[in-house]
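1. I'll drop the sequence and a predicted model, then ask my questions.
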Amino acid sequence: MLTSIVTMLIAGFSFANSVEIIKGHRNLTEYYIGDTNLIISVPHNGLSSPDDIPDRKNGCKDNTGKCIWKHNCTTPSTSCKPTTVTDSHTRKLAMLLYESYKNETKRSPHMIISNLRRAKMDPNRNRQEGAYDNTEALRVYDDYHGFINQAKNSINSFGLLLDIHGQSHAELWIELGYLFSREMLNTNDTNPETSSIFSLSKRFKNVTFENLLRGSESYGKLLDDLSYKTVPSPSYWSPGNGRYFRGGYITQTYGSRNEGEIDAIQIESPRNLRFTPALRNKYGKDLGTITAQFMDKYYKRQDSTDPTSGMNGLNNARNTISLYLCLLISVCLANF
Ligand SMILES: [Zn+2]
């Protein structure tokens, strides 16, 4: 009897702390099911390279000059060249962010990872360019986006998606993408309605959009404060002549530019912060801490619609039952 009670206790505690991971078709995608309103996406660090899924090669142009993305098209064009480079170490970086965020908040973010090499499938492009006409690649692509939608639907309120990438630009800065091009940032052509954080700007009308985007109230400011060279941020207001990525398909599709309450920021990390283990470890942990601060400031929910409140209730109930069982065991041991 005592053994079975102890087993129940251990089972109860481990269940409360465990995270369910769903694998997609052929284990080529993974979804860590979260219990809070943060989603992490890792599209470009897949290492699986199955032979039956062909590499994405140059597509063909149609009569209007548009690229047709399919395998074995009749006249491949060099101007329809897909990007296939891997964002090395971004999976490790995302895991550090994930664990650090969990330690800070006792909440699990949702996390979606592609395990398929980018040369085979790219979740950060539209379906045609991302998976061409290969049935297997299309299934994996659909899994990835299905998982993001599943995460979004489970949040059912405001939230934030961080799309984790890596670049090799000479500036060695962290590039935060809100869908504004380099030119737009350089010329202050920053209309909140066209940004991936439009919903956030509507919820915090007392903060100027410029401050939210790159000033004292921005995600960039938090990185800036820890001496990470970041654009846009108070120290690097705009990229100038430097190279900069504005945010791709995932940021465009799942951010709040078009609709909804989920905002998105593309985080493009430089080589030094990804390839050097000591720097990567510190940076990954700092990303978790910063994200926890940012979420606490802008995405904290006090009302009953918070999906985490249900989880809290469940965990509290488990802990209460466990406490009673512990007391029961203590009484039994004392008496016998
Ligand atoms: Zn990327």
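-> Nice, I can see it.
2. In three-state terms, how would the residue positioned nearest the centre of the chain be classified?
-> Residue closest to the mean C-alpha point of the chain, counted by Cα atoms, centre = their mean, is Ile40 at 2.0 Å. Secondary structure assignment for Ile40 (DSSP: H, G, I helix; E, B strand; the rest coil): strand.
3. element containing the residue of the stretch 51-200 of the chain found nearest the ion, please.
-> Proximity of the stretch 51-200 of the chain to the ion (Cβ to the ion) peaks at His165, 3.4 Å away. C-betas here are computed from N, CA, C, even on glycine. Assigned by DSSP states H and E, His165 falls within strand 159-166.
4. how far does the very next helix or strand once past that strand sit from the chain's center?
-> Next in sequence after strand 159-166, counting helices and strands by DSSP H and E, comes strand 174-177. From the chain centre to the centre of strand 174-177 is a distance of 13 Å (Cα atoms, centre = their mean, to the nearest Å).
5. I'd like to know which elements strand 174-177 is packed against.
-> Judged by 3 or more Cβ pairs under 8 Å, 6 or more residues apart in numbering; DSSP states H and E, strand 174-177 is in contact with helix 219-225, strand 230-231, strand 262-269.
6. can you rerun that using 10 Å?
-> Identification of packing neighbours for strand 174-177 by 3 or more Cβ pairs under 10 Å, 6 or more residues apart in numbering; DSSP states H and E yields strand 159-166, helix 219-225, strand 230-231, helix 249-254, strand 262-269.
7. Distance from the next helix or strand after it to the middle of the chain?
-> The helix or strand immediately downstream of strand 174-177 is helix 182-186, counting by DSSP H and E. Using Cα atoms, centre = their mean, the mean C-alpha position of helix 182-186 is found 24 Å from that of the whole chain.
8. outside of helix 182-186, which residues touch it?
-> By Cβ atoms under 10 Å, 6 or more residues apart in numbering, the residues outside helix 182-186 that reach it are 175, 178, 180, 189-191, 194-195, 213-214, 231-232, 236-246.
9. Please indicate which of those are buried?
-> Among the contacts of helix 182-186, those classed as buried by 16 or more other Cβ atoms under 10 Å are 175, 178, 180, 190, 195, 213-214, 231-232, 236-239, 244-246.
10. Could you pull out the strands in the stretch 51-200 of the chain for me?
-> Under the criterion DSSP state E, counting those that start in this stretch, the stretch 51-200 of the chain carries strands at the ranges 60-61, 67-68, 110-114, 159-166, 174-177.
11. okay if I get those as JSON lines plus mean pLDDT?
-> Shown next, in JSON lines, are those (pLDDT from 0 to 100):
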{"stretch": "strand 60-61", "mean pLDDT": "94"}
{"stretch": "strand 67-68", "mean pLDDT": "96"}
{"stretch": "strand 110-114", "mean pLDDT": "98"}
{"stretch": "strand 159-166", "mean pLDDT": "98"}
{"stretch": "strand 174-177", "mean pLDDT": "98"}
